[in-house]
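A.B. asks: sharing a model that was predicted from the sequence below.
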Amino acid sequence: MNVSVEDIKKLKELTGIGLTDAKAALVAAEGDFDKALEVLRKKGLTKAEKKGDREAREGIIDSYVHGGRIGVIVEVNCETDFVARTENFKAFAHEIALQVAAMSPTYISEADIPASELERVRTESRERVLAEGKPEAMVDKIVDGQVKKYFDEKVLLSQVYIKDEKQTVADFVKENIAKTGENLIIRQFKRIELGVNE
């Protein structure tokens, strides 16, 4: 099957794999670019997850100011100074700053949510669901769904990535781990909005 050179190059750039592998993936997907990307993402994610245990202490601090009203500063880490200096890594860090500016997360990951906050949201949700008269057998499932939805908007890694609604920020991070070949960590962020005290 013939696949376009443009598609091969685009797939290579998006995933960080070699041209031969990109072509093979497109051929296997019968020329369907999205299908090939999805398959490679899944493969890349497994590679990314193995890298997730490695130490990441290099990196950069990036900032973004939107219209003089919203300011964001983020620390994003990688394993080596070499990767920290690359344009791809700098662009990745900047994308994270843009995400924080646009979506105003409170936590980086679910592990950062205090138990008391989790319990407060769960209790409020349960009271609301019971007040609506939902069947007892469904209450826990509904509460779980509502709590997940609530925190998906508050947790940076769980948020929908602003430049690709088919991805979460965690997917975007894993994609970049696959591209760089290094563990990448969003260490911290601070978002300031004019006239809003958090």
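C.D. replies: Done, it's in.
A.B. asks: so the chain: which segments form each domain?
C.D. replies: Using automatic domain parsing, the domain parsing of the chain gives 5-51, 58-108+155-193, 114-154.
A.B. asks: tell me which of those sits most buried.
C.D. replies: When the domains of the chain are scored by mean count of other CB atoms under 10 Å, the highest mean neighbour count falls to domain 58-108+155-193 (a mean of 18). Bear in mind the C-beta positions are built from the backbone N, C-alpha and C, glycine included.
A.B. asks: including mean pLDDT, could the domains of the chain go into a markdown table?
C.D. replies: Formatted as a markdown table, those follow (pLDDT from 0 to 100):
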| stretch | mean pLDDT |
| --- | --- |
| domain 5-51 | 72 |
| domain 58-108+155-193 | 94 |
| domain 114-154 | 89 |
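A.B. asks: mind checking the SS state of the residue of the chain positioned farthest from its centre?
C.D. replies: In the chain, counting by CA atoms, centre = their mean, Gly133 sits farthest out from the average C-alpha position, at 36.3 Å. Assigned by DSSP: H, G, I helix; E, B strand; the rest coil, the conformation of Gly133 is coil.
A.B. asks: show me what contacts Arg191?
C.D. replies: 70-72, 100-101, 104-105, 198 (CB atoms under 8 Å, 6 or more residues apart in numbering).
A.B. asks: which of these fall within strands?
C.D. replies: 70-72 (DSSP state E).
A.B. asks: and those residues, which is closest to Glu193?
C.D. replies: The closest of the ones in strands among the contacts of Arg191 to Glu193 turns out to be Ile70 (CB to CB; 5.2 Å).
A.B. asks: quick one: the helices in the protein, in order.
C.D. replies: 5-15, 19-28, 33-51, 81-84, 87-103, 115-131, 136-154, 169-180 (DSSP state H).
A.B. asks: dump the ones you listed into TSV; add distance to Glu193 as well.
C.D. replies: Formatted as TSV, the helices of the chain follow (distance: least, CB to CB, whole Å):
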stretch	distance to Glu193
helix 5-15	33
helix 19-28	42
helix 33-51	32
helix 81-84	28
helix 87-103	9
helix 115-131	21
helix 136-154	16
helix 169-180	20
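A.B. asks: of those helices, which is nearest Ile186?
C.D. replies: helix 87-103 (5.8 Å).
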